[in-house]
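*Asks:* Sequence plus the predicted model coming up.
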Amino acid sequence: MSELFYINEEGNNVHTSQFLKNRGSCCKTNCLHCPYGTTLSNFGLEFIQLTNEDMAEANAIIKANQPPDSETLGQSLLQEAFGKSKKAEVTKFNFEDFYFVTLKGHKAGLVKKGRLQLKELFLKEHFKEQGLDLATVASFFNN
């Protein structure tokens, strides 16, 4: 992602982490996409469990994180031998295993919870360059 800003749902211009990186240092004003970790350490992450009404939005986030369906010969042979890999999907049977991840009240992505820990992380495009990985998100989830 190389864009420097985008327009959010409220119609505001929001600077991306790329813009903030290009600036060269942290301004310490808790920017939503702060690549330096200031906003994350000051606000932390919050988690909202999905409801039935959230399934379409959650599946859109998951789909945006999936690679395109272009299948190679090697993938085709592996799928024949071992079966297709299961793609994540929110359904009426498993929506209770998913949580929205929010930063400063903005949905940054989605996590899937396993029995003991978080299993998968699906970030919205503009939050992918901020150092949010599964281990970091899990450290906030378990607090």
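*Replies:* Received it, and whenever you're ready, just let me know what you need. Residues are numbered from 1 along each chain as shown.

*Asks:* Which helix or strand lies directly C-terminal to the lowest-mean-pLDDT helix or strand in the chain?
*Replies:* Ranked by mean pLDDT, DSSP states H and E, the helix or strand of the chain with the weakest confidence is helix 73-82, at a mean of 70. Toward the C-terminus, helix 73-82 is succeeded by strand 98-103 as the next helix or strand (DSSP states H and E).

*Asks:* Okay, strands next: where are they in this structure?
*Replies:* Secondary structure of the chain (DSSP state E): strands located at 5-7, 13-15, 46-49, 98-103, 106-113, 118-123.

*Asks:* Output those as JSON lines; include the columns distance to Thr38 and mean neighbour count.
*Replies:* Bear in mind the C-beta positions are built from the backbone N, C-alpha and C, glycine included. Putting the strands of the chain into JSON lines (distance: least, C-beta to C-beta, whole Å; neighbours: other C-beta atoms under 10 Å) gives the following:
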{"stretch": "strand 5-7", "distance to Thr38": "19", "mean neighbour count": "12"}
{"stretch": "strand 13-15", "distance to Thr38": "14", "mean neighbour count": "14"}
{"stretch": "strand 46-49", "distance to Thr38": "17", "mean neighbour count": "14"}
{"stretch": "strand 98-103", "distance to Thr38": "12", "mean neighbour count": "22"}
{"stretch": "strand 106-113", "distance to Thr38": "15", "mean neighbour count": "20"}
{"stretch": "strand 118-123", "distance to Thr38": "18", "mean neighbour count": "18"}
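
*Asks:* Buried residues, stretch 61-70. List them.
*Replies:* Across stretch 61-70, burial judged by 16 or more other C-beta atoms under 10 Å covers 61-62, 65.

*Asks:* Excluding chain neighbours, give the residue nearest to the residue nearest to the spatial centre of the chain in space.
*Replies:* What sits nearest the mean C-alpha location of the chain, by C-alpha atoms, centre = their mean, is Leu123, with 1.4 Å. Nearest non-adjacent residue to Leu123, counting by C-beta to C-beta, 6 or more residues apart in numbering: Gly109, 3.8 Å away.

*Asks:* For that neighbour, give the beta-bridge partners.
*Replies:* Here Gly109 sits in beta bridges with Val101, Leu123, as judged by DSSP bridges.
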